[in-house]
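**Q** Starting from these lines, generate the structure:
(chains A and B)
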Amino acid sequence: GAGVSQSPSNKVTEKGKDVELRCDPISGHTALYWYRQSLGQGLEFLIYFQGNSAPDKSGLPSDRFSAERTGGSVSTLTIQRTQQEDSAVYLCASSLEGQTLGKLFFGSGTQLSVL
Amino acid sequence: GENVEQHPSTLSVQEGDSAVIKCTYSDSASNYFPWYKQELGKGPQLIIDIRSNVGEKKDQRIAVTLNKTAKHFSLHITETQPEDSAVYFCAASFQTGANNLFFGTGTRLTVIP
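**A** Numbers count the residues shown, from 1 in each chain, chains lettered A, B, ... in the order given. The predicted structure follows:
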């Protein structure tokens, strides 16, 4: 596709339920990032995938959060046993391998609301 | 780790006036400073960036300045237009060795027609 695609655009769930958020990066981009954006806050790094290397999970806030990237393309961010404080916009971004850090291309995000 | 502070959190200007957003960073090793614009309902988009070997960079109505000694950098928008209204984020990163950016908390710019 022309850009980074995220689905769903909005997700409302009940506390305690599991959710899966999907990201389709730009074709050919080997680096993929997940960020979380809480209301009125900056972007909080969650996890980074680069090619076949082990992902950098240093930003995941708890063990309820996990992410996979299958076939070096599509990524899924899973939040188990959701809590109200998980409510935020979850942004995915991709970039070309070897490209200068910072030239990220973001999707429009998934707005997650935990009731 | 790196800490990026951004001011102001909100900014309102009259159409045609200039807008300035300022950021400071803590880690002197940071050497790449991008600025992102986020419109309502969309993801952030890179609008301009600067590397540490350059003091200023311009792109039409947008300019960024960097003071490495003071560890601060600024975004300048001249002749503002209503479509400039958005949230702007600064960021700092290492060019190598790190794989994420450190973002500021954002500035909501409103251009009043």
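**Q** Show the model's pLDDT score for B:Asn99.
**A** Note on B:Asn99: pLDDT of 60.
**Q** ditto for A:Gly102
**A** Looking at A:Gly102, its pLDDT is 58.
**Q** now the one 3 residues further on
**A** pLDDT recorded at A:Phe105 is 91.
**Q** For the worst-scoring helix or strand of chain A on mean pLDDT, enumerate the helices and strands it packs against.
**A** Lowest on mean pLDDT, DSSP states H and E among the helices and strands of chain A sits strand A:43-50, with a mean of 89. In terms of contacts (3 or more CB pairs under 8 Å, 6 or more residues apart in numbering or on different chains; DSSP states H and E), strand A:43-50 is packed against strand A:31-37, strand A:65-69, strand A:75-79. Just so you know, the C-beta spots here come from the backbone N, C-alpha and C atoms, and that holds for glycine as well.
**Q** Now do the buried residues in that strand.
**A** Within strand A:43-50, the residues scored as buried using 16 or more other CB atoms under 10 Å in any protein chain shown are A:43-50.
**Q** what's the angle from it to strand A:65-69?
**A** Comparing the axes of strand A:43-50 and strand A:65-69 via axes from the mean of the first three to the mean of the last three CA atoms, to 10 degrees yields an angle of 40 degrees.
**Q** Just want the angle from strand A:43-50 to strand A:75-79.
**A** Going by the same axes, to 10 degrees, strand A:43-50 makes 130 degrees with strand A:75-79.
**Q** Could you report the pLDDT at the residue minimising distance to the centre of chain A?
**A** Closest residue to the average C-alpha location of chain A: A:Trp34 at 3.1 Å, with CA atoms, centre = their mean. Here, the pLDDT recorded for A:Trp34 equals 94.
**Q** ok, what's across the strand from it?
**A** A:Ile47, A:Cys92 (DSSP bridges).
**Q** What's the separation between it and chain B?
**A** Computed as CB to the nearest CB, to the nearest Å, the A:Trp34 to chain B distance reads 10 Å.
**Q** quick one: low-confidence ranges for the chain?
**A** If you meant another chain, say so; for now it's chain A. Across chain A, the stretches falling below the confidence threshold (pLDDT under 70) are A:1, A:97-102.
**Q** not quite, I wanted chain B
**A** Checking chain B against pLDDT under 70 turns up B:95-100.
**Q** Tell me which residue in it sits closest to chain A.
**A** B:Gly43 (3.1 Å; CB to the nearest CB).
**Q** host element of that residue?
**A** Assigned by DSSP states H and E, B:Gly43 falls within no helix or strand.
**Q** which residue packs closest to it, ignoring adjacent ones?
**A** A:Phe106 (3.1 Å; CB to CB, 6 or more residues apart in numbering or on different chains).
**Q** Which residues of chain B lie near chain A?
**A** Residues of chain B lying close to chain A by CB under 8 Å from any CB of the partner chain are B:4, B:6, B:9, B:32-34, B:36, B:41-46, B:49, B:89, B:91, B:93-96, B:98-101, B:103-106.
**Q** which bits of chain A sit near chain B?
**A** Close to chain B, as judged by CB under 8 Å from any CB, chain A has residues A:4, A:31, A:33, A:40-43, A:45, A:48, A:50, A:56, A:59, A:91, A:93, A:100-109.
**Q** repeat that for 7 Å
**A** Residues of chain A lying close to chain B (CB under 7 Å from any CB of the partner chain) are A:33, A:41-43, A:45, A:48, A:50, A:56, A:91, A:100-104, A:106-109.
**Q** Mind checking which of those are buried?
**A** A:33, A:42-43, A:45, A:48, A:50, A:56, A:91, A:101-102, A:104, A:106-109.
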